[in-house]
Every structure is written in structure tokens, then in C-alpha cells.
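Asker: sharing a model that was predicted from the sequence below.
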Amino acid sequence: MSARRYLAAFGLAGLGKGLLLPVLSLLLLSRGLDAGTLALATGAFALTVVLLELPSGMASDRWGRRRVYLVAHTIGAAGDLVLAFTGQAFGGMMLLGAATAFESGSLSSLFFQRWIDARGKETLPRAASWMNLLETGGLAVGALAGGAVGAAAPAFLLPYAPLLLARFVLRLGALAAAAGIPADPPHPHAARRRPDGWRRMASNRPLILLLAGGVVLGAALGNLETYWQPHLEQLAGGYTPLLGVMSCISMFGAAAGMAVIGRFAARLRLERVYAVSYLAVAGWLAALGHMTALWGYVGGFGALYLCMGGGDLARTSMLQAAIPPAQRATVMSVDSLLCRLGALLGSGVAAVALRHVGVPALWTGLGLMLAAGIGVQLLCGVTRTAGLSVKK
């Protein structure tokens, strides 16, 4: 198996996503939205993803994972063009939400399945490391480019249109890379032929624990990106160029954590890496809001993402080793859906809690919740039950 086309598609897609990360809210405001309708537009994106996440995963398993990935980027390209040339912000965001849902768990599940078939489960950390590094590195480079270009555009184009057109071209590149990958055969009756696969999955305690843990991870960490920026400005006494630096620190920190764990995965038990990494994340999250020194806060933020990258690599490898092949894309979509639902739950909790306490207390509470969730997983046997470690 050659991984080059897969990794090229992951990297180009990540680069395209990164282009809009620093400016998406500003782009939508430039299309005629205000503060209230901006929240509705982003909510329309999130709702579309949630509604289509599971059906898209099932479609990948039944009708072909590469085919669904190509559909995803075709829909996404249409969304880019709608936002680039029209004022239809809601329609564009819903198309992008549909593309995100169909992309989730499609090509990545095919990549992991073929990697396992060719190289065995014991090398899964290397596969996860390469995929995550290309996606995260693309996000980081794209975010830097998107922040530098910003709203600049010729007079005959709408603001931010060049960024959207650049992402359109990157999507075409990802489509071309994926089109050169051998197609996986569709299995329209896979679910009916293999009910035992679902029963085995439901009885796999570590897999169920990891999927349930996704809700806790989403709830605890989903709001970190929302509140670190105003907290940084508070410490800096106003706007600071460190805002852009911190975005890069988060991405490169996570990539570095993945690279380190991927490099030494053959000597480590991934279950322990998962538990220790996320307990460290919980500790940094609980302490981060109470750091009053600006550079201490920046360093703690980087350390948190470094640990998160290592934990994410271990968790991804453990999940891929445990998922039944016939349901791989579906289970990956379930995992993504549970993480998103956890983030929505965390947003609701944060909205209520911040009426009574500040961000430091909120982060402390979420850190303690994450530590408790990892503790419950340990007590229930996520590190004791065989089948998830890829170490031989």
C-alpha cells in the first residue's frame, strides 16, 4: 500500500480548512450578517454536521469510502463558490456542514483499513501520526496564510473571495489525489450480512468506554478555543499579536505531541499514554486560568496542546485497532458525533456557569471533570481489557 495519495489528500484538505480559521466570522459578517445572525449561521453549520454525521458514515461503509469522500469535497467546493460570489451565508454554511459530515470517517477509515491489512495493527500509531501531522500542519500553514491575506481582494471580488477560491483549488487537488486511490467496493447489504459485527462492537468494553469518553473530551475541551482569546487579551491589557502566535502554538504543539508519541509508540503501551496524556491535559486546563503571568499562560497553553496531541494519537490508534472493519466509517462518524454533542453540552454548561463564575473557575471545573472521566475509564478497565493496545 502506498500512503502518498492519502496523505496528499489529508494535507491539502487541512491546508484549505486552515485558510478560513482566522477569518471565518469576519467573512460571514462581510456577507451581511450581524452578531445575532452570525450565531445562527454557525449554528446552521453545526446542526447540519450533527444531522448528517451518522448517515454519512453508514453511507461510507455501504457505498464506498472513497466515493463518499469525493462527494464530500464536491459539496464543499459548491459551498466555497456560494460564499465567494453570493451573499447566501446560510446556504454556504449548510453546504460546508454537509461536506464536513461526509468527509468525516470516509477516506480516513479507508486509509486505516488498508494500512492494517498491509502492515498490521502494531504499526497503527505511525499511520495515525502521519495523518494527523499532515492535517494539523496544513491547518497551521493555512491559518498563517489566511491571517496574512485577510479580506484583501480586487475591487471586482467580494472580501475574502480570494481565500475561498484558493480553498476551492485546494479541494480540487484533494479530489485529484483521492481519485487516484484504488476504489473500495461498495457493500450495500453489509449491515444485514454482518449483524454479529455490531454485537461484537457492543460487547467490546474498551471501545465503548473510549466512545463514551469522547463526550467527556468534547465537553471539557470544546470551549477552550472560545475563551482563551479574551483571557489572553485580559492578561496582555488589550489586543496583542500573540493571538496569532497562540493559534500556531496550539496546532504545532499538538503536532509535536503526535510526532513524539508516534516516534516511540513501539516502546509504549498506548493505553497508558492515553490515560497519562489526558490526565496531564486536565491538570493544565485546571491551572491555565489561574496563571497571571502572560508568558506562563502562553507556555501552559502550549504544554496543554502538546499533551493533547499525544493523547489524541494514542486514542486514535486504540480506536482503529478495536473497530470491526465492516463498520469502520460508521463508528468513526459515531465518535465524531459524540465529541460534537459533548462540545454542545459543554457550551450549555459554560453559558450557565459564566453567569456566576469566571473563566478560571470554569476551566478548573472542566479540568476536574476530564480527570474524573479518565478515572472512571481506568476503573472500568480501559487499560486492562485486551484488544486495544497495538503494542506486541
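Answerer: Great, that's in hand.
Asker: pretty sure Gly342 sits against Ala212.
Answerer: No - if you go by Cβ atoms under 8 Å, Gly342 and Ala212 don't touch, sitting 9.7 Å apart. C-beta coordinates here come from the backbone N, C-alpha and C atoms, glycine included.
Asker: looking at the two, which is more packed in?
Answerer: Between Gly342 and Ala212, counting by other Cβ atoms under 10 Å, Gly342 is the more crowded of the two (22 against 16).
Asker: quick one: low-confidence residue ranges for this protein.
Answerer: Low-confidence segments of the chain (pLDDT under 70): 1, 35-36, 186-201, 226, 239, 243-244, 382-392.
Asker: care to break it down by domain?
Answerer: In the domain annotation for the chain, the residue ranges read 4-174, 195-380 (automatic domain parsing).
Asker: for those, which one sits closest to Ile181?
Answerer: Judged by Cβ to Cβ, the one of these that comes nearest to Ile181 is domain 4-174, at 5.0 Å.
Asker: residues contacting Pro325?
Answerer: Pro325 is in contact with Gln113, Ile116, counting by Cβ atoms under 8 Å, 6 or more residues apart in numbering.
Asker: ugh, wrong one, I meant Ile261
Answerer: Ile261 touches Pro125, Ser129, Leu268, Val273, Ser277, Gly309, Gly310, Leu313, Ala314, counting by Cβ under 8 Å, 6+ apart.
Asker: sort out for me which of the residues you listed are in helices.
Answerer: Pro125, Ser129, Val273, Ser277, Gly309, Gly310, Leu313, Ala314 (DSSP state H).
Asker: with distance to Val149 as extra columns, can I get those in TSV?
Answerer: Below are the ones in helices among the contacts of Ile261 laid out as TSV (distance: Cβ to Cβ, whole Å):
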residue	distance to Val149
Pro125	36
Ser129	30
Val273	38
Ser277	35
Gly309	27
Gly310	32
Leu313	31
Ala314	36
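Asker: now the buried members of those.
Answerer: Neighbour counting by 16 or more other Cβ atoms under 10 Å classes Pro125, Ser129, Val273, Ser277, Gly309, Gly310, Leu313, Ala314 among these as buried.
Asker: my guess is the last one contacts Val281, does it?
Answerer: So the one you mean is Ala314. No - counting by Cβ under 8 Å, Ala314 stays clear of Val281, with 11.9 Å between them.
Asker: what about His73, neighbour count?
Answerer: So His73, with other Cβ under 10 Å, has 27 neighbours.
Asker: so which helix or strand takes in it?
Answerer: helix 65-85 (DSSP states H and E).
Asker: and stretch 256-263, what's buried?
Answerer: Buried residues in stretch 256-263 (16+ other Cβ under 10 Å): Ala256, Gly257, Met258, Ala259, Ile261, Gly262.
Asker: tell me the spacing between His231 and Val71.
Answerer: Distance of His231 to Val71, given as Cβ to Cβ, to the nearest Å: 40 Å.
Asker: ok, now Leu211?
Answerer: 25 Å.
Asker: also His290?
Answerer: 47 Å.
Asker: of the two, who's got more company?
Answerer: The neighbour comparison of His290 against Val71 (other Cβ under 10 Å) goes to Val71, with 20 against 13.
Asker: hmm, the more buried one is touching Glu103, no?
Answerer: No - using Cβ under 8 Å, Val71 is not in contact with Glu103, being 9.2 Å away.
Asker: any idea which helix or strand carries the residue most central in space within the chain?
Answerer: For the chain, the residue sitting closest to the mean C-alpha position, by Cα atoms, centre = their mean, is Ser336 at 7.9 Å. Assessed by DSSP H and E, Ser336 sits inside helix 328-353.
Asker: measure how that helix sits relative to helix 65-85, angle-wise.
Answerer: With axes from the mean of the first three to the mean of the last three Cα atoms, to 10 degrees applied, the angle from helix 328-353 to helix 65-85 works out at 40 degrees.
Asker: who does the following helix or strand past helix 328-353 touch, helix- and strand-wise?
Answerer: Once the chain leaves helix 328-353, the next helix or strand it forms, by DSSP H and E, is helix 359-380. Counting contacts by 3 or more Cβ pairs under 8 Å, 6 or more residues apart in numbering; DSSP states H and E, helix 359-380 is packed against helix 205-221, helix 224-236, helix 270-288, helix 328-353.
Asker: would you mind getting the angle between helix 359-380 and helix 270-288?
Answerer: Using the same axes, to 10 degrees, the direction of helix 359-380 lies 160 degrees away from that of helix 270-288.
Asker: go through helix 359-380 and flag the buried ones.
Answerer: Those would be 359-360, 362-367, 369-371, 373-374, 377-378, for helix 359-380 by 16+ other Cβ under 10 Å.
Asker: equivalent analysis for stretch 117-127, please.
Answerer: For stretch 117-127, the neighbour count (16+ other Cβ under 10 Å) marks Lys121, Glu122, Thr123, Leu124, Pro125, Arg126, Ala127 as buried.
Asker: whichever helix or strand Ala98 is part of to helix 328-353, inter-axis angle?
Answerer: If you go by DSSP H and E, Ala98 is part of helix 89-103. Relative orientation of helix 89-103 and helix 328-353, computed by the same axes, to 10 degrees: 130 degrees.
Asker: any idea which helix or strand comes after helix 89-103?
Answerer: Downstream of helix 89-103, the next assigned helix or strand under DSSP H and E is helix 107-119.
Asker: and that next one, how far out from the chain's middle?
Answerer: Relative to its chain's centre, helix 107-119 lies at 19 Å (Cα atoms, centre = their mean, to the nearest Å).
Asker: how about it: buried residues?
Answerer: The neighbour-count check on helix 107-119 (16+ other Cβ under 10 Å) flags Leu107, Ser108, Ser109, Leu110, Phe111, Phe112, Gln113, Arg114, Trp115, Ile116 as buried.
Asker: hmm, who's touching it?
Answerer: 1, 3, 6, 9-10, 60-61, 65-66, 69, 123-124, 127-128, 131, 178, 181, 184, 320, 325, 328-329, 332.
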